[in-house]
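*Asks:* Show me the folded form of this:
(4 chains)
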2 protein chains.
Amino acid sequence: MITIEEAEIRSKIIKAMAHPVRLMIIECLKDSTRSFSEIFDLFALDKSTVSKHLLVLKEAGIVSSKKSGTDMIYTLEVPCVTDFFGCVTAVIENNVRRQQVCLCKR
Amino acid sequence: MITIEEAEIRSKIIKAMAHPVRLMIIECLKDSTRSFSEIFDLFALDKSTVSKHLLVLKEAGIVSSKKSGTDMIYTLEVPCVTDFFGCVTAVIENNVRRQQVCLCKR
DNA sequence: TGCATTGTTGGTAAAAATACCAACAAACCA
DNA sequence: TGGTTTGTTGGTATTTTTACCAACAATGCA
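*Replies:* The predicted model follows:
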């Protein structure tokens, strides 16, 4: 069995992914690095909000950043996190399927 | 690119996993179903708190429950979620490695 | 029926997360 | 050097999450 300390460490990393904006950021970093302004342009949010979402991902160790000229370049450090989305999709499909069963039976 | 609606649906499922207690519940359901009292005994928490954590997992479609005699039996609906923990461990190990690099260089 | 046992629900207080604005820092360029 | 662009940090209001207690519902048992 997992200890509570280990669970807390895991929780921080999973929590860092548990926000729609941060999920979209991870998705857009899946195939290549992106500059802050490219990421910022995806959302109708204040730049400080986007910057703070990136900080959450960085502190979790999911992305890293480096200065390049004027830009700040963000990189997905651990691409395997996107593998997980397949399982999340499986949960979603299972939910849909179960709801259909309910609808049919009642 | 993923839409914001899709990201919100995914986010709800990931958020359901993003708590140390709920991660431990998932871990303990990995190999077999468990009764409420077995799960409750893992924690020094009020029974209402544990019950509500289970409700969060249930509403996300991660676990299901069924009454069996006196007990409420909980089942992990989508075991693949535990596969993800391997990737979370990869993030943790990467973080440790990077911190060691920092410590050496400074 | 009366009384435990088992688990859920309602209410509330405290903590954490989120988004914005404003101010700031760093780098570039005119 | 002075101004512009790019991104971060500080502060604050709002929302969400969390945990407890108390009350309740459902089941089994004496």
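*Asks:* All the strands of chain A, in order from the start?
*Replies:* For chain A, the strands defined by DSSP state E occupy A:34-35, A:63-68, A:71-76.
*Asks:* Against DNA strand C, how distant is the most centrally placed residue in chain A?
*Replies:* By C-alpha atoms, centre = their mean, chain A has its centre lying nearest to A:Leu23, at 3.0 Å. Computed with C-beta to the nearest atom of the strand, to the nearest Å, the distance linking A:Leu23 and DNA strand C is 11 Å. C-beta here means a position set from N, CA and C on the backbone, and glycine is covered the same way.
*Asks:* cool, A:Val91 as well?
*Replies:* A:Val91 sits 19 Å away from DNA strand C, going by C-beta to the nearest atom of the strand.
*Asks:* likewise A:Leu29?
*Replies:* Applying C-beta to the nearest atom of the strand, the value for A:Leu29 to DNA strand C is 18 Å.
*Asks:* Against A:Ser32, how distant is the closest residue to that residue other than its chain neighbours?
*Replies:* In this structure, A:Leu29 finds its nearest non-sequential neighbour in A:Leu76, 4.0 Å apart by C-beta to C-beta, 6 or more residues apart in numbering or on different chains. Relative to A:Ser32, A:Leu76 is positioned 9 Å away (C-beta to C-beta, to the nearest Å).
*Asks:* So for the two, which residue has more residues nearby?
*Replies:* A:Leu76 (22 against 9; other C-beta atoms under 10 Å in any protein chain shown).
*Asks:* what sits against that one?
*Replies:* Residues in contact with A:Leu76, defined by C-beta atoms under 8 Å, 6 or more residues apart in numbering or on different chains, are A:Ile26, A:Leu29, A:Lys30, A:Thr33, A:Ile62, A:Val63, A:Thr82.
*Asks:* wouldn't A:Lys30 be in contact with A:Thr82 here?
*Replies:* Yes. Between A:Lys30 and A:Thr82 there is a contact under C-beta atoms under 8 Å: 5.1 Å.
*Asks:* For DNA strand C, what is the nearest residue in chain A?
*Replies:* Relative to DNA strand C, the nearest point of chain A is A:Ser48 (3.2 Å; C-beta to the nearest atom of the strand).
*Asks:* per-residue confidence for that residue?
*Replies:* Here, the pLDDT recorded for A:Ser48 equals 97.
*Asks:* what's the burial count for it?
*Replies:* A:Ser48: 8 surrounding residues under other C-beta under 10 Å.
*Asks:* burial count for A:Gly86?
*Replies:* Neighbours of A:Gly86 (other C-beta under 10 Å): 11.
*Asks:* who's in contact with it?
*Replies:* Contacts of A:Gly86 by C-beta under 8 Å, 6+ apart are B:Cys80.
*Asks:* do the same with A:Ile73
*Replies:* Per C-beta under 8 Å, 6+ apart, neighbours of A:Ile73: A:Thr33, A:Arg34, A:Ser35, A:Phe36, A:Ser65, A:Lys66, A:Lys67.
*Asks:* of all those, which two lie farthest apart?
*Replies:* Greatest spatial distance among the contacts of A:Ile73 (C-beta to C-beta): A:Arg34 and A:Lys67, at 14.2 Å.
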